[in-house]
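Engineer: Take a look and give me a structure for this.
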Amino acid sequence: MKKTIVSLVVAGLAMSPVWAKPLRVPLKAENGSGENGYAMLYPHGARTRVVVHLRNTPKGIAQPDHIHAGTCPYVNPRPAYMLSPVKNGVSVTMIHASLKMLLAKPMAINVHESPQDLRKYVACGDIRAR
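Structural biologist: Sure thing, here's the model as predicted:
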């Protein structure tokens with residue numbers, strides 16, 4: 001009996017999202033911003049931790065970023081998932097969507113210039129299985 005329980009626990013850990021590989025999403029500069037980098041999507045079961053890393057960001061400006069339906073540069077303007085703003089080149093957010101859900105249809109991570117200018121995109125990257 002103990003062997004069966006230990007086997008089930010080990011099997012459960014092997015399928016745990018902690019062991020799942022993260023997905024790297026390249027973020028390319030848009031509209032002459034010079035801001036580029038990448039996002040890492042870490043699967044956590046029904047949720048995903050999204051960590052955005054951007055270079056050449058303006059100091060002291062919080063830049064809104066979101067996950068949108070569609071592909072760069074033609075994303076749906078209405079965000080599918082809100083992310084924490086990029087500050088000093090970094091944003092970390094846990095969203096209520098599995099990585100599998102994010103890969104099920106075309107989605108992209110989009111970074112905006114500022115809260116005052118959401119129409120100007122400074123970086124974008126398509127979420128695709130590599």
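Engineer: any idea which helix or strand comes after the helix or strand bottoming out on mean pLDDT in the chain?
Structural biologist: Lowest on mean pLDDT, DSSP states H and E among the helices and strands of the chain sits helix 2-14, with a mean of 44. Downstream of helix 2-14, the next assigned helix or strand under DSSP states H and E is strand 23-29.
Engineer: Pull up the pairing partners for that next one, direction included.
Structural biologist: On the basis of DSSP bridges, the sheet neighbours of strand 23-29 come out as strand 36-44 (antiparallel), strand 117-127 (antiparallel).
Engineer: Out of these, which gets nearest to Cys72?
Structural biologist: Closest of these to Cys72 is strand 117-127, at 3.8 Å (criterion: C-beta to C-beta). Just so you know, the C-beta spots here come from the backbone N, C-alpha and C atoms, and that holds for glycine as well.
Engineer: can you pull the buried residues of that closest one?
Structural biologist: Of all the residues in strand 117-127, those buried under the rule 16 or more other C-beta atoms under 10 Å are 121-127.
Engineer: Any stretches of this protein with poor pLDDT?
Structural biologist: 1-19 (pLDDT under 70).
Engineer: repeat that with 90
Structural biologist: 1-20, 60, 117-119, 129-130 (pLDDT under 90).
Engineer: Cool, thanks, talk later.
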